[in-house]
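S.K.: Any chance you can model this:
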Amino acid sequence: MFQPVIPCHFSFADTPYCYNANKRTIIEVNDEESVQLECVIRSSGPQSDIQFNWYINSSTGQETILPSHFNKTGTKSYLRYSIKKGVPSETIICQASNAAGSSNQPCTFLLTSRLGKPHDFINFNRPLIKMNVHSTIYHMHILNFS
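M.R.: Model (predicted):
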């Protein structure tokens with residue numbers, strides 16, 4: 001008996017990943033100074049399926065940032081954040097997900113207070129992007145630690 005061939009169309013989506021996943025972004029700010037963080041991801045799936053989550057990592061654990069505090073536009077998400085007074089540094093993580101799952105390469109931002117000594121505890125084995133904030137002008141430097 002002959003069975004008709006039914007065409008199948010498959011669409012595969014990879015999990016999203018941070019556009020700058022091979023770099024860490026360090027931003028030096030004054031206490032309570034506000035800075036806008038931009039999380040740019042790559043994904044093969046539809047942009048409408050992309051969801052973003054932002055987290056603050058500290059010595060006391062991980063805190064989720066409410067979606068009402070950040071914006072999403074396609075494959076980008078923006079968070080305006082101020083480092084807490086007296087805190088030498090905070091790590092902010094942007095994680096994207098889609099129908100295929102969550103990214104295993106999130107975007108990571110290290111905010112350091114100019115009053116702290118960030119290079120005493122940073123020991124990454126990949127390139128870093130260092131940004132000094134002076135008003136609205138960003139100065140970027142690539143740092144390599146070997």
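S.K.: Can you list the low-confidence ranges for the protein?
M.R.: For the chain, the stretches with pLDDT under 70 are 1-2, 4-13, 115-146.
S.K.: So which residues of it form strands?
M.R.: With DSSP state E as the criterion, the chain has strands at 17-18, 24-29, 34-42, 51-58, 61-65, 70-73, 76-82, 89-98, 101-102, 107-113, 128-134, 137-143.
S.K.: which residues touch the third one?
M.R.: Just to be clear, that refers to strand 34-42. Residues outside strand 34-42 that contact it (Cβ atoms under 8 Å, 6 or more residues apart in numbering) are 16-20, 25, 27, 29, 50, 52, 54, 75-82, 92, 94, 96, 103, 107, 109, 111, 133. For glycine as for every other residue, the C-beta is placed from the backbone atoms N, C-alpha and C.
S.K.: Among the residues you listed, the buried ones, what's the PyMOL command?
M.R.: In PyMOL, this line selects whichever of the contacts of strand 34-42 come out buried by 16 or more other Cβ atoms under 10 Å:
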select buried, resi 16+17+18+19+20+25+27+29+50+52+54+75+76+77+79+81+92+94+96+103+107+109+111+133
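S.K.: one step back: possible to save the strands of the chain as TSV with distance to residue 3?
M.R.: Converted to TSV, the strands of the chain look like this (distance: least, Cβ to Cβ, whole Å):
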stretch	distance to residue 3
strand 17-18	41
strand 24-29	55
strand 34-42	41
strand 51-58	40
strand 61-65	51
strand 70-73	46
strand 76-82	47
strand 89-98	35
strand 101-102	35
strand 107-113	49
strand 128-134	57
strand 137-143	60
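S.K.: Name the stretch among those that sits most buried.
M.R.: Neighbour counts (mean count of other Cβ atoms under 10 Å) averaged over each of the strands of the chain peak at strand 107-113, with a mean of 23.
S.K.: just checking, what packs against that one?
M.R.: Packing partners of strand 107-113 (3 or more Cβ pairs under 8 Å, 6 or more residues apart in numbering; DSSP states H and E): strand 24-29, strand 34-42, strand 89-98.
S.K.: The second one pairs with which strands, and in what direction?
M.R.: Spelled out, it's strand 34-42. Note on strand 34-42: by DSSP bridges, its sheet partners are strand 17-18 (antiparallel), strand 76-82 (antiparallel).
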